[in-house]
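[1] Sequence and predicted structure are below.
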Amino acid sequence: MDKKQPADPKEKALREDGALNTHPVTDALFKDNDFFDPRDLIQVKYEMLRKVHKESQSISQTAASFGFSRPSFYKTMNDFMREGIAGLLPQKRGPQGGHKLTPEVLEFIDRMVAMDKPMSIPAILDEVEKRFGVRVHRRSLEKARRRREKKMPQIPEKIERQG
């Protein structure tokens, strides 16, 4: 089943940025005013915080009318107080990057790969687990090696002198 692309460019941009609000907003501010867009997650979160702090509305009622739970309200408030508007932007969940593949582990792997008789990837993974006590997935190792190879400067084999 093909998903249709939104015809509205703003909805498309919000979706691409991960800022498309999927929560039902029942607050009157978003129903009676064309300026406020219930699809804009950042605007919805900001107005939810403003309503509680500037208009002294109840947190439970306000969160519900903006499509959020009380714990979500408190998380949003803490994110906003810590980071400002940037704290309202959606964040990727889960660990970012190979947290098991520390520089020490990667150096160990580099030494194993550089040996006269290189080891297979499963053998390297076994050695890493024995030495460091961490189990690393094969794809994580392959991605980390590719990233390291991109960062290493390429030295030409032969430099010809001009002259």
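    Everything's here; your move. Since the structure is predicted, the reported quantities are computational estimates derived from the model, not experimental observations.
[2] What's the mean pLDDT across stretch 112-123?
    The average of the pLDDT scores along stretch 112-123 is 85.
[3] Checking the residue nearest to the spatial centre of the chain next. Helix, strand or coil?
    Using CA atoms, centre = their mean, the residue of the chain that lies closest to the mean C-alpha position is residue 92, 2.4 Å off. Using DSSP: H, G, I helix; E, B strand; the rest coil as the criterion, the local structure at residue 92 reads coil.
[4] And it, what's its pLDDT?
    Confidence at residue 92, expressed as pLDDT, is 72.
[5] For residue 17, see how far away it is.
    Distance from residue 92 to residue 17, counting by CB to CB, to the nearest Å: 12 Å. (Glycine included, C-beta is placed from N, CA and C.)
[6] And for residue 34?
    Distance, residue 34 to residue 17, using CB to CB: 21 Å.
[7] Residue 42 too?
    For residue 42, the distance to residue 17 (CB to CB) stands at 9 Å.
[8] more neighbours, those two?
    For residue 42 and residue 17, the more surrounded residue by other CB atoms under 10 Å is residue 42, and the numbers stand at 17 against 12.
[9] Determine how far the helix or strand hosting residue 104 lies from the middle of the whole chain.
    Under DSSP states H and E, the secondary-structure element containing residue 104 is helix 103-113. Mean C-alpha position of helix 103-113 versus that of the full chain (CA atoms, centre = their mean, to the nearest Å) differs by 27 Å.
[10] CA atoms of it as CSV?
    Coordinates of each C-alpha in helix 103-113 appear next as CSV, following Å, rounded to 0.1, in the frame of the first residue of the first chain:
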residue,chain,number,x,y,z
PRO,A,103,38.8,4.3,21.1
GLU,A,104,40.7,1.7,23.1
VAL,A,105,38.6,-1.2,21.5
LEU,A,106,39.0,0.4,18.0
GLU,A,107,42.8,0.6,18.4
PHE,A,108,42.9,-3.0,19.5
ILE,A,109,40.9,-4.0,16.4
ASP,A,110,43.2,-1.9,14.2
ARG,A,111,46.2,-3.7,15.5
MET,A,112,44.5,-7.1,14.8
VAL,A,113,43.6,-6.0,11.2
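[11] what about the closest residue to residue 121 other than its chain neighbours, neighbour count?
    In this structure, residue 121 finds its nearest non-sequential neighbour in residue 138, 5.8 Å apart by CB to CB, 6 or more residues apart in numbering. If you count neighbours by other CB under 10 Å, residue 138 ends up with 11.
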